[in-house]
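In: Got a predicted structure here, sequence first:
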Amino acid sequence: MGLLTIIKKQKIKDNEIRVLTLGLDNSGKTTIIKNILGEDTSTISPTMGFQINTFTHNGVTLNVWDIGGQTTIRSFWGNYFEKTNVVLWVVDTLSLERLKESYEELREKVILQDRLEGVYLIVLINKIDSVADRSSLGSIKNTVEKTLDLKAQIPQTDKWDVQLVSGKTGEGLDGVLDWITSREY
Ligand SMILES: Nc1nc2c(ncn2[C@@H]2O[C@H](COP(=O)(O)OP(=O)(O)OP(=O)(O)O)[C@@H](O)[C@H]2O)c(=O)[nH]1
Ligand SMILES: [Mg+2]
């Protein structure tokens, strides 16, 4: 390991990676985080405030903030932007009719926010366990990417990613954590 790598690792260690979980209500944010923590996901209620969870992955400490997504509390999201390194934007694959609303909120409340400039964005297409036809996952991913207009909104392609996950079964979540912990901060 070179000196630079060691310094970089130390830097991440000291600061921790701060991850803000956002997205429309009912998309599955809390379920995803509980699954990562190995907690019971069967009795989750809508998040009214926020919750902070800290854990390590690949030797890196992650500080994950779970914020409620209901319309009335979206105006408070800005209170949590400080020092954010990564935004997890959760999309519900079972409610694709809400994709346009998801696009508008992502654009207005995240991408256009000066205080979130330069943060990494990872879009999680959640609830894939309930997609009967798994061969449609590729086209669902394309639809989400196109509707959220990510290529045009964030031209630096190393700054964002889209991944298929299930907060219920845990599928795909390790890959998400790998992506987060392997970025340059
Ligand atoms: N089938 C399936 N259902 C899921 C999955 N993740 C979440 N759900 C269900 O979706 C509903 C909403 O989940 P939550 O985790 O509370 O969603 P949230 O995004 O935290 O909602 P707010 O806190 O209101 O913003 C619950 O009924 C969950 O059981 C998943 O991966 N698969
Ligand atoms: Mg929640």
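Out: Structure's in. What do you need? Ligands and ions are numbered 1, 2, ... in the order given.
In: Close to ligand 1: what parts of this structure are there?
Out: Counting by CB under 6 Å from any ligand atom, the chain comes close to ligand 1 at 23, 25-31, 44, 46-47, 68-70, 90, 126-127, 129-130, 166-168. For glycine as for every other residue, the C-beta is placed from the backbone atoms N, C-alpha and C.
In: who are the neighbours in contact with residue 143?
Out: For residue 143, the contact set (CB atoms under 8 Å, 6 or more residues apart in numbering) comprises 96, 99.
In: which element is it on?
Out: Using DSSP states H and E, residue 143 falls within helix 137-147.
In: So for that helix, mean pLDDT?
Out: Helix 137-147 carries an average pLDDT of 97.
In: CA atoms only for it - export them in CSV, please.
Out: Provided in CSV are the C-alpha atoms of helix 137-147 (Å, rounded to 0.1, in the frame of the first residue of the first chain):
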residue,chain,number,x,y,z
LEU,A,137,-35.3,-5.6,-14.6
GLY,A,138,-32.9,-4.3,-17.3
SER,A,139,-35.6,-2.2,-19.0
ILE,A,140,-36.9,-1.0,-15.6
LYS,A,141,-33.4,0.2,-14.9
ASN,A,142,-33.2,2.0,-18.2
THR,A,143,-36.6,3.6,-17.6
VAL,A,144,-35.6,4.9,-14.2
GLU,A,145,-32.3,6.3,-15.5
LYS,A,146,-34.0,8.0,-18.4
THR,A,147,-36.9,9.4,-16.4
